[in-house]
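> my questions are about this predicted structure, shown below with the sequence.
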Amino acid sequence: MAKLPTVAIIGRPNTGKSTLFNRLINKRRSIESDIAGTTRDLISHRVDLDEMSYLLVDTGGIGATADKDFEDDVAEQSLLALEFADLIVFTVNAKEEITSDDRKVMDIIRKKRRRHVPVIVALTKADTPEKRDALILDFNEANIGEDFLTVSAPHLIGIGRLNELIVKHLKALNFEKQPEETGDSPPRIAIIGRPNVGKSSIVNALMSDGQREKSPVLVSPVAGTTRDSIDTEVTYHDKRYIIVDTAGLRKQASRRDDEIERFSAMRTLTAVEGADIVILVLSANEKPTQQDKRIAAMAVESGKGLMVLLNKIDMLKGEKRADGIGYITDTLHFVTKFARVIPCSAVTREGLVKLFDMVEAVQMSRVRRIPTGQLNRWFEENVKGKPLGEISKTKYLTQADEIPPTFILFVRNPRAVAASQLRYLESQLRKTFGFDGTPIRFFMKPTEKDGITEKRKIK
């Protein structure tokens, strides 16, 4: 599979990075706020234009924030994206003079980016761009940026031009538009998890004996042995699968002084975006961490199929085994409500025999479409007339042609729909139609012309 280029949005806090990110992906995914430092973590999303596809990464700001506890970690995450980006979009608040933090970011870009990586300077929040020329002059003197443009994401100013510049620079770097996946393409399965939970051992266990003897995946008790992601084609019952074994993600607060390990974390983000199904591997003899929750949330936010493998289950016996499985199910309840927890052992191969059958079931759930007539008959029988506020008043329901399964509800006032009502609707959908292993999204359209359209993901 051709490499998906990475475009990183970099800048000091509160320069409109997340608003720009949401506009470029044409979805509301990053958190937008006037409070500096709202985005604490890397958020990524694949963007498909007519001439180019790329992975867009939103970062927290480099510079001072009100909360010092996570400021250094936010900067570390931004540096991670900066060092391995193929193109950088440097955001500057056009309503203000260049600050010391802006100059700090410029200095870091000069020192940390790879030499061939171009920089586009985006003057954001430019609703009244009187200061544009003066700012561009300052940047010319600073000798940073191949292109400059004024953008206002809320008002769509400069967004088309920014897309043109992104495509131009990526083409100059010899990136090409990736061909569309066909129905015959084997599912891509990303094996995700913290270091030393047994991801590579599981990949080896899934291989045939001949394939494992020819090209085994390196296994070591030392965390971080797998430095890059490895694509392995596995055949099971005459069906092909691409398994991507990624390096483990370390705890956010730890320092990534080793350049190879920083690349591993960035490659994990790319692997998730390029996968159809994500398998989150946990260790049965360790409690799930905040990092495990973050990885699971990353898969759900990206709309991927999800399975949870509880590896090393052979180390737990009797009541400890049942307690361990129950604890994982409760701790990761926001995904285990639809993603199955599979106890397994890469050593004994327990739980791995039917793994490919489960992968097939999850993939079918991701692409399953319910005919509109059948869907509305189900709605009449199971939802309409119940005490569910706006949901019960819905007169029409249909499924969009999107992955993961996305349902469109026509309601009088989308903002009056409570999250609890949508959770009930999701629960009833799953009881009837399954949708095992895949997130479900809802898109609400107003029945009146002047209503508000809103897309919702249930957490």
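Nice, thanks for sending it over. Quick caveat, the model's predicted, so the values are computed rather than measured. Numbering: from 1, shown residues only.
> helix or strand right after the helix or strand residue 149 falls within?
If you go by DSSP states H and E, residue 149 is part of strand 147-150. Following strand 147-150 in sequence order, the next helix or strand is helix 159-172 (DSSP H and E).
> which residues in the stretch 251-400 of the chain form helices?
259-274, 290-301, 318-331, 333-336, 355-367, 372-382 (DSSP state H, counting those that start in this stretch).
> and the protein, what are its domain boundaries?
Domain assignment for the chain by automatic domain parsing gives 6-172, 188-367, 372-457.
> quick check: residue 93 touching residue 15?
Yes. Using C-beta atoms under 8 Å, residue 93 is in contact with residue 15, at 4.8 Å. (Glycine included, C-beta is placed from N, CA and C.)
> with neighbour numbers in mind, choose between those two.
Under the neighbour definition other C-beta atoms under 10 Å, residue 93 and residue 15 were set side by side, and residue 15 has more, 29 against 20.
> could you say what helices and strands the strand holding residue 149 packs with?
Counting contacts by 3 or more C-beta pairs under 8 Å, 6 or more residues apart in numbering; DSSP states H and E, strand 147-150 is packed against strand 119-124, helix 132-142, helix 159-172.
> can we see that at 6 Å?
Strand 147-150 is packed against strand 119-124, with contacts defined by 3 or more C-beta pairs under 6 Å, 6 or more residues apart in numbering; DSSP states H and E.
> any chance you could list what contacts the strand it packs on?
The contact list for strand 119-124 (C-beta atoms under 6 Å, 6 or more residues apart in numbering) reads 15-16, 88-92, 94, 132, 135, 139, 145, 147-148, 150-151, 165.
> contacting residues for the residue nearest to residue 303 when sequence neighbours are not counted?
Nearest residue to residue 303, sequence neighbours excluded (C-beta to C-beta, 6 or more residues apart in numbering): residue 404, at 4.3 Å. Counting by C-beta under 6 Å, 6+ apart, residue 404 makes contact with 303, 366, 438, 439.
> what secondary structure does residue 404 sit in?
coil (DSSP: H, G, I helix; E, B strand; the rest coil).
> and it, how close does it get to residue 304?
Residue 404 sits 8 Å away from residue 304, going by C-beta to C-beta, to the nearest Å.
> the nearest residue to residue 25 once chain neighbours are set aside: what secondary structure?
Spatial nearest neighbour of residue 25, excluding adjacent residues (C-beta to C-beta, 6+ apart): residue 45 at 4.5 Å. Taken by three-state DSSP, the conformation at residue 45 corresponds to strand.
> now swap in the one 5 residues further on and tell me
At residue 50 the chain is in coil, as set by three-state DSSP.
> any idea which helix or strand comes after the lowest-mean-pLDDT helix or strand in the chain?
Least confident helix or strand of the chain, by mean pLDDT, DSSP states H and E, is helix 209-214 with a mean of 52. Toward the C-terminal end, the helix or strand that comes next after helix 209-214 (DSSP H and E) is strand 230-236.
> if you count contacts, what does that following strand end up packed against?
strand 239-245.
> and the angle for the strand it packs on with helix 355-367?
Following axes from the mean of the first three to the mean of the last three C-alpha atoms, to 10 degrees, one obtains 90 degrees for the angle between strand 239-245 and helix 355-367.
> list the buried residues of strand 239-245.
Residues of strand 239-245 classed as buried: 241, 242, 243, 244, 245 (neighbour count, 16 or more other C-beta atoms under 10 Å).
> what's the closest of those residues to residue 422?
For these, the residue nearest residue 422 by C-beta to C-beta is residue 244; the value is 32.0 Å.
> below-threshold pLDDT in the stretch 251-400 of the chain: ranges please.
251-267 (pLDDT under 70).
> quick check, residue 443 in a strand?
Yes. Using three-state DSSP, the assignment for residue 443 is a strand.
> per-residue confidence at it?
Per-residue pLDDT puts residue 443 at 87.
> next: residue 66.
47.
> going forward, count from 22.
Shifting the count to begin at 22 puts that one at residue 87.
> on that earlier part again, intersection of neighbour lists for residue 425 and residue 325?
By C-beta under 6 Å, 6+ apart, no residue touches both residue 425 and residue 325.
> hmm, residue 357 is touching residue 350, no?
Yes. Counting by C-beta atoms under 6 Å, residue 357 touches residue 350, with 4.8 Å between them.
> on that earlier part again, just flag the most distant two among the contacts of residue 425.
It's 387 and 460 that sit farthest apart of these, by C-beta to C-beta, at 9.1 Å.
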